Structures are given as structure tokens and as C-alpha cells.
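1. Sharing a model that was predicted from the sequence below.
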Amino acid sequence: MPEHPPESTQQKLSDRLRYYEDIGIGRFYRDRGPVSTQQAAALAAAPEVTPVVEEPSLPKREPKSALPATVSVSTHKLEPLPVPAGPSLFEAINKIENETLPLIRENLGECTRCKLHKTRKKIVFGDGNPNAQLVFVGEGPGADEDAQGLPFVGRAGKLLTQMIEAMGLQRKDVYICNVVKCRPPENRQPEKDEVEECSPFLLRQIDTIAPKVIVCLGSTAAQTILQTNRGISHFRGEWLEFRGRKLMATYHPAYLLRNPAAKSEVWKDLQKVMAELGLAVKRSKAT
Ligand code: SF4
């Protein structure tokens, strides 16, 4: 008799299948229902119904001459966005040589630079691989993140984890952080003065990690980094440039929880990111 996988594994498989369905990989629909031991084993081992990622971890940082032939993506656009008049928030911030993430965290200290410090429980600095090729930037911590001091650990975080795993990566392969490092009360949007105080630390994190690709999750992150007041729908899914790095804005996982239909759009964006990182996908959608 084959051994039953633990309940947590079955739940994880079920969650993963649900996520693939949500992003448009539809062949799972006919198999939905409680996942039996045999189904779980078969699904786990069935590359023909799974969006197979050939490279389980990020490749080395050699420059790539061509995109993987197995990935179909639209032509990249690298168009600078029009920015508001006035000095850029990041204009005067230059890369600091020999900087490290622990040093930036040390500089941040028990920060009281903006009013968000009054209501936070924990500073959420960021988490993940300090040499990541892919950095996700969100808006700010929510209640779960505030309690744990880690980014994207609530419901939206669980969805982000599924998105990362669907790309063939693990959370430990990427770096995840936010525009502001303390939770805005009632999960309101961070205010201008808060963003201005906190975002230089984000910039230092990005410069230090030096990722190949930055993915902004949601309009606040995108508008802050790109210094634009244009809505995310104007540039979502397009390749943009930020301080010499490729940047893509896509919807925030919290938005996807409210609007599951938008998951397929995000998946298309993530496929472009995968192509850029050399993460080959044999098949992105069920036929
Ligand atoms: S949000 Fe940023 S600037 Fe404001 S108190 Fe927290 S760490 Fe400091």
C-alpha cells in the first residue's frame, strides 16, 4: 500500500491546482474534488498537465543572448513614463558602494522617521535572497506582516507564494519588500510624506541586491518607484526601466483576491518575467 501523503501536502496540492485553474490552466477542472493519494501522486508526477518549469532555481547572472525558444512572449517595450514636474524622489540618491542589506537594516534602526512608527508592531524590512535576480515590491505591510515582521505572509502573501512557485521558484530565490516598512493604520495607502521618508531605504535595498528584474505589485509600488501618477492600467505588463533595471508592474495579490479574473493577466506578466530570467516554460496554458 502506498503511503498517504500528509494532509498538509494534500492541501498544498489542492491550493496549487486551484491557483493554476484561476490563472487559466483549465485541464484541472475535470479532476477537481478531494485529492486522493493516487491522484496527488499522479498530479505531482504529471508534467503534461503541470506548467512545467525546466529550471527549478534562478540561473547564474551571465547575460543572456536570447530568450528561451519555449516561451512565447510579446515584444518588450522599454518606454520611460512621463513623470510629474519637479525633482524626482530618487534623483539625489546614488548607489552606495559596499552596501549590504544588514547595513541598511542597521541604518534604519528602530525608525521613527515618519508617523507610521507610532502604530506599528514590527518593522517589515524585507525578506529573501540578498542576491536575487527578481525583487517583488509591494505597497506596505498588513496586519499579519506587522505582527510577524515579514512581508507578504497573510492571504495575499499566500497567493504571492503560489505565483512565485508557479514560476518555478521558491520564496527563498527572490527578495520581497515594500515601499513603506511599517503598517499604515487600517491598511490605508501610505501618504506622500511616509513614502518620501521610507522609500530611500527601498532604493538602497534594490541597488544593493541589484536584481535583473523588479516586479511592482500594485499601483502604489509602481507609482512610487516610477514617480508617476498614471494609473497602473496604463503600463501594467509592459517592460519599463528603472535605474538601468527592467521593471514590470502588475496587479497586487490583494487585488487578485478581490478580482480572481485578473489572475490570468498577472500570469501573462509573470511569464514575461520568466522569459527575461531564462526560466523556460514548456506550456503556459492547457490546450
Ligand atoms: S514607514 Fe519607514 S520611514 Fe516610516 S517609521 Fe517605518 S521604517 Fe521609518
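-> Nice, thanks for sending it over. Numbers count the residues shown, from 1 in each chain.
2. And the lengthiest helix in the chain, what's buried?
-> Using DSSP state H, we find that the single longest helix of the chain is helix 192-209. The neighbour-count check on helix 192-209 (16 or more other CB atoms under 10 Å) flags 194-195, 197-209 as buried. Heads up, the C-betas are built off the backbone N, CA and C, glycines and all.
3. same for that helix, what does it pack against?
-> Using 3 or more CB pairs under 8 Å, 6 or more residues apart in numbering; DSSP states H and E as the contact test, the elements touching helix 192-209 are helix 101-108, strand 134-138, strand 175-178, helix 219-226.
4. and the first one, C-alpha only, in CSV?
-> What follows is the C-alpha trace of helix 101-108 in CSV, where atoms were taken according to Å, rounded to 0.1, in the frame of the first residue of the first chain:
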residue,chain,number,x,y,z
LEU,A,101,21.3,44.6,3.4
PRO,A,102,22.3,44.1,7.1
LEU,A,103,24.0,47.6,7.0
ILE,A,104,20.8,49.1,5.5
ARG,A,105,18.8,47.5,8.2
GLU,A,106,21.1,48.8,10.8
ASN,A,107,20.9,52.3,9.4
LEU,A,108,17.1,52.0,9.5
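5. and the angle for that helix with helix 192-209?
-> Here the directions of helix 101-108 and helix 192-209 differ by 160 degrees (axes from the mean of the first three to the mean of the last three CA atoms, to 10 degrees).
6. And the second one, by the same measure?
-> An angle of 170 degrees separates the directions of strand 134-138 and helix 192-209 when computed by the same axes, to 10 degrees.
7. orientation of strand 134-138 relative to helix 219-226 in degrees?
-> Per the same axes, to 10 degrees, the angle that strand 134-138 makes with helix 219-226 is 120 degrees.
8. Okay, now the sheet partners of strand 134-138, with direction.
-> Partners of strand 134-138 in the sheet, by DSSP bridges, are strand 175-178 (parallel), strand 213-217 (parallel).
9. residue ranges with poor pLDDT in the stretch 1-150 of the chain?
-> By pLDDT under 70, the low-scoring segments of the stretch 1-150 of the chain are 1-5, 14-95.
10. Could you rerun that using 80?
-> Within the stretch 1-150 of the chain, the segments meeting pLDDT under 80 span 1-97.
11. Quick one: name the residues of the protein near the ligand.
-> 108, 111-114, 116-117, 123, 180-182, 194, 197-198 (CB under 6 Å from any ligand atom).
12. Among those, name the buried ones.
-> Buried, going by 16+ other CB under 10 Å: L108, C111, R113, C114, L116, I123, V180, K181, C182, E194, E197, C198, out of the residues of the chain next to the ligand.
13. Now for these: which two are most distant?
-> Largest separation among these by CB to CB: L108 and E194, giving 14.0 Å.
14. can I assume A249 is in contact with A222?
-> Yes. Contact criterion CB atoms under 8 Å: A249 and A222 qualify, at 3.7 Å.
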